[in-house]
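Visitor: Any chance you could fold what I've pasted below:
(chains A, B and C)
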Amino acid sequence: MARYKPPVQSKFSQIIDVIVLLVLAIGSLYVPLFLKLAGRTVASVPQDAPTWESLGQNPVMVEKWLQLGFPDPASASDLITARFDYSFSWSSLVVMVVVIVGYFAMMIRLSETEYREVIAEKFGQADGRL
Amino acid sequence: MANISTSAPEKVGLLRVLGPAHVWALGVGIVLVGEYMGWNFAVGKGGAYAALIACWFAGLLYTCVAMIDSEVTSTVAAAGGQYTQAKHIVGPLMAFNVGLYLVFAYTMLEAANAITIGFLMDAVATMTGHEGLDQRPFIVLAIMFLAWLNYRGVLATLTFSLVITAFAFSAVIVLFLATAVLTGDSPLRHADLMTDLPYGWVGVLAAMHFGLWYYLGIEGTTQAAEEVRSPARSLPFGTLAGIMTLLIAATLTWYVSAGLMPWEYLGQAGVPLFDAARLSGSTLLMVLLGIGTLFATLASANGCINDASRAWFAMGRDHYLPSWFGAVHPTYRTPFRAIVFLVPIALIFALGAPLDQVITFSILSGLLEYTFMPINMIMFRRKWPLDSIKRGYVHPFHPIPALVLLTLCGTTYFAVFLGYGTQLVAMVAFYIVVSLWFHFWRYRFVNRGAQFTMPWPRPKGY
Amino acid sequence: MDIWNVLEYVAWGASVLFGFFILYDWFVTNSRYSEEVLTSSREGELEAMTEDQRN
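Guide: As a prediction, this is how the structure comes out:
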């Protein structure tokens, strides 16, 4: 098999490649932030005039809250009542599974064709085949 | 400096100067910060017990990671670690993706560390009566100082990591001894503070997301492969000693913290171990854990710069990225262009993005990398069975660790999906786009046979 | 202006110093050595010298 000779990349083209990568990377990380799609789905349940008892705190817990710098129930109320929302739709779960599995499947397939080329050039063609 | 032109070396490469202790420091140093901050978000996700279960399941995941990694890397001793493994075992496109996982996981972790340093400075300033500290100069200083240290040479960099990591680990042990063992009247109140699972079992699943944070980065030991004196022995030793250290530190951290703080606070705390020391009532412990937090954060950022730059450098050297990045400094023998290039990227995220998002980016890249590992291991054993090449370390019970790892990765994807599904899809979409870009454009600049550099026989079945 | 304000300025200053050192050395190194020397590192070359992995 003829040895593959890669073209020499010009300086300008190298810089373009780096910029492309950077834009893609920073874009994919910041786009969810900008679209406000990202992040914690935490909601606190505000209580009127909360007491330690209504927040479900026993005396030891109350002692710790005081030590941590929360002088009264109202100051700790938001922290204590904050809860994540774990509801999800099955369709978005299916989308996620398809995207991840598809990604790995595509990558392994393309890698395999490239890999055969590498092995063929490194070790020569397999015996008996051309 | 004057006579360099006459004595300039014809060829420059990285230097083999590190011992097993440096490998331990690199692995544990990157991760230990996870015990000082971040792991406790798992408590918020599912309660204190959920965090403990996640701690141990993630520990199992990482034990598999460490064993698999040790075996492969004891034979593939080159900078780039998992990237180089992927290149030799799975194929170029996989390698390109793995290289990017590494760079993003570590650079984001570095940014998260810098944010924490700023936060810590602010906390200390507030305690001494100064409100509204500008955190930015401290964030920038941490990144610039560590970049400078990395630029100047790997031995000093990792010796620095070794010292501060050992200190930070000792601080965790001292905190445990002082609160749980040595005091007659222990301040720990597990019986009163522990509650039932606030979200039920779905909370345990969700906690796996941040459960990774107890250990994320231990696999980075392999990046030192080209700078360790005898990689076949030092890398497995340092990596496996590292994961054991972390299992101990993670469990002790959970035990002390859960015994001192209500879970609602712990789950949202910025610096939980420092808070634990504060609650223990001892000023000495408070100072110790404050310094421990700072050191752990610095050690982690330091290791991240080291690892991310090695991966970026290795890709440049193979022309996966512009070859300009494959340069080694003739005097300091470091991949200096890769180090400099990654500084502004870390700064962008450290100064511009919220901490939990940055952590999630890091965790996601890590997770994709752990998904690659079992695939890598199964292919490695199939293409080069045990009798075909000599391995410095052979992990037991193959393929059980690989399958366990794959299952745990699946669970963690679901956990991430519960809170950060959009980022997960955005991130994978990014990797799909760059994969196509690499396959159809960038790969033309890569030498085909020459990138396979290990002295191995032909793989089976090719 | 208390100690923390001073520290803020010190931190900015130190950052600039470290950054200046890196950039200065970077330019000097890039101009003093040829691209061939700088990018002469090859994967696996150290291996051939330090240890043989084959049985």
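Visitor: mind listing the helices for chain C?
Guide: Here chain C has its helices, by DSSP state H, at C:3-32, C:35-38, C:45-50.
Visitor: pLDDT value on the residue in the stretch 251-400 of chain B positioned nearest to chain A, please?
Guide: Going by CB to the nearest CB, chain A is nearest to B:Pro322 of the stretch 251-400 of chain B, at 3.5 Å. Where you see a C-beta, it was placed from the backbone N, CA and C, and this is true even at glycine. Per-residue confidence (pLDDT) for B:Pro322: 92.
Visitor: Name the nearest residue to B:Tyr420, sequence neighbours excluded.
Guide: Distances taken as CB to CB, 6 or more residues apart in numbering or on different chains place B:Thr360 nearest to B:Tyr420, at 5.0 Å, with adjacent residues excluded.
Visitor: pLDDT averaged over the strand or helix carrying the one you found - what is it?
Guide: Applying DSSP states H and E as the criterion places B:Thr360 in helix B:355-383. For helix B:355-383, mean pLDDT is 90.
Visitor: Measure how the very next helix or strand once past that helix sits relative to helix B:355-383, angle-wise.
Guide: Scanning forward in sequence from helix B:355-383 by DSSP H and E, the next helix or strand is helix B:400-440. Angle, helix B:400-440 to helix B:355-383, by axes from the mean of the first three to the mean of the last three CA atoms, to 10 degrees: 100 degrees.
Visitor: now helix B:400-440, how far from the centre of its chain.
Guide: Centroid separation for helix B:400-440 versus its chain: 17 Å, with CA atoms, centre = their mean, to the nearest Å.
Visitor: Does anything pack onto that helix? Which helices or strands?
Guide: Under the contact definition 3 or more CB pairs under 8 Å, 6 or more residues apart in numbering or on different chains; DSSP states H and E, helix B:400-440 sits against helix A:11-34, helix A:90-123, helix B:48-73, helix B:92-127, helix B:201-211, helix B:355-383.
Visitor: Need the nearest residue in space to whichever residue of chain A sits closest to chain B, chain neighbours excluded.
Guide: For chain A, the residue positioned closest to chain B under CB to the nearest CB is A:Ser111, at a distance of 2.8 Å. Excluding its sequence neighbours, the residue lying closest to A:Ser111 (CB to CB, 6+ apart) is B:Gly91, at 2.8 Å.
Visitor: Wait, that neighbour touches A:Tyr115, no?
Guide: Yes: contact status for B:Gly91 versus A:Tyr115: in contact at 3.5 Å, counting by CB atoms under 8 Å.
Visitor: Can you give me the pLDDT of the residue lying closest to B:Asp69 once chain neighbours are set aside?
Guide: Among residues not flanking B:Asp69 along the chain, B:Glu219 sits closest, at 5.3 Å (CB to CB, 6+ apart). Model confidence at B:Glu219, given as pLDDT, is 89.
Visitor: Could I get the contacting residues of B:Glu219?
Guide: Neighbouring residues of B:Glu219 by CB atoms under 8 Å, 6 or more residues apart in numbering or on different chains: B:27, B:65-66, B:69, B:81-82, B:239, B:369-370, B:373.
Visitor: at 7 Å what do you get?
Guide: B:65, B:69, B:82 (CB atoms under 7 Å, 6 or more residues apart in numbering or on different chains).
Visitor: That one in helix, strand or coil?
Guide: Per DSSP: H, G, I helix; E, B strand; the rest coil, the secondary structure class of B:Glu219 is helix.
Visitor: now swap in B:Gly290 and tell me
Guide: Here B:Gly290 is recorded as helix under three-state DSSP.
Visitor: Quick check: which ranges of chain A have low pLDDT?
Guide: A:1-2, A:36-41, A:126-130 (pLDDT under 70).
Visitor: which one of the contacts of B:Glu219 has the most neighbours?
Guide: B:Asp69 (31 neighbours; other CB atoms under 10 Å in any protein chain shown).
Visitor: Next one, pLDDT for that one please.
Guide: 88.
Visitor: can you tell me how far it sits from B:Arg278?
Guide: In this view, B:Asp69 and B:Arg278 are 37 Å apart by CB to CB, to the nearest Å.
Visitor: Check chain B for the residue nearest chain C and tell me.
Guide: Closest point on chain B to chain C, by CB to the nearest CB, is B:Thr453, at 3.0 Å.
Visitor: returning to what we had before: the residue nearest to B:Tyr420 touches B:Leu418, doesn't it?
Guide: No: using CB atoms under 7 Å as the test, B:Thr360 is too far from B:Leu418 to be in contact (11.9 Å).
Visitor: the more surrounded of those two?
Guide: More neighbours surround B:Thr360 than the other of B:Thr360 and B:Leu418, with 27 against 22 (other CB under 10 Å).
Visitor: which residues sit in contact with whichever residue of chain C sits closest to chain B?
Guide: In chain C, the residue that lies nearest chain B is C:Gly44 (3.0 Å; CB to the nearest CB). Residues in contact with C:Gly44 (CB under 7 Å, 6+ apart) are B:78, B:453-454.
Visitor: Neighbour-wise, which one of these leads?
Guide: Going by other CB under 10 Å, B:Ala78 tops these with 28 neighbours.
Visitor: For A:Ala105, see how far away that one is.
Guide: 28 Å.
Visitor: How about B:Pro330?
Guide: 44 Å.
Visitor: between these two, who's got more neighbours?
Guide: The neighbour comparison of B:Pro330 against A:Ala105 (other CB under 10 Å) goes to B:Pro330, with 18 against 10.
Visitor: nearest residue to the more buried one other than its sequence neighbours?
Guide: Spatial nearest neighbour of B:Pro330, chain neighbours left out: B:Val12 (4.9 Å); criterion: CB to CB, 6+ apart.
Visitor: pLDDT value on the one you found, please?
Guide: 88.
Visitor: That one contacts B:Thr331, correct?
Guide: No: contact criterion CB under 7 Å: B:Val12 and B:Thr331 do not qualify, at 9.0 Å.
Visitor: Could you check which of the two has the larger neighbour count?
Guide: Per other CB under 10 Å, whichever of B:Val12 and B:Thr331 has more neighbours is B:Val12, with 19 against 16.
Visitor: Which strand or helix spans that one?
Guide: Counting by DSSP H and E, no helix or strand carries B:Val12.
Visitor: give the contact list for it.
Guide: By CB under 7 Å, 6+ apart, the contact list for B:Val12 reads B:328, B:330, B:333, C:37, C:40-41.
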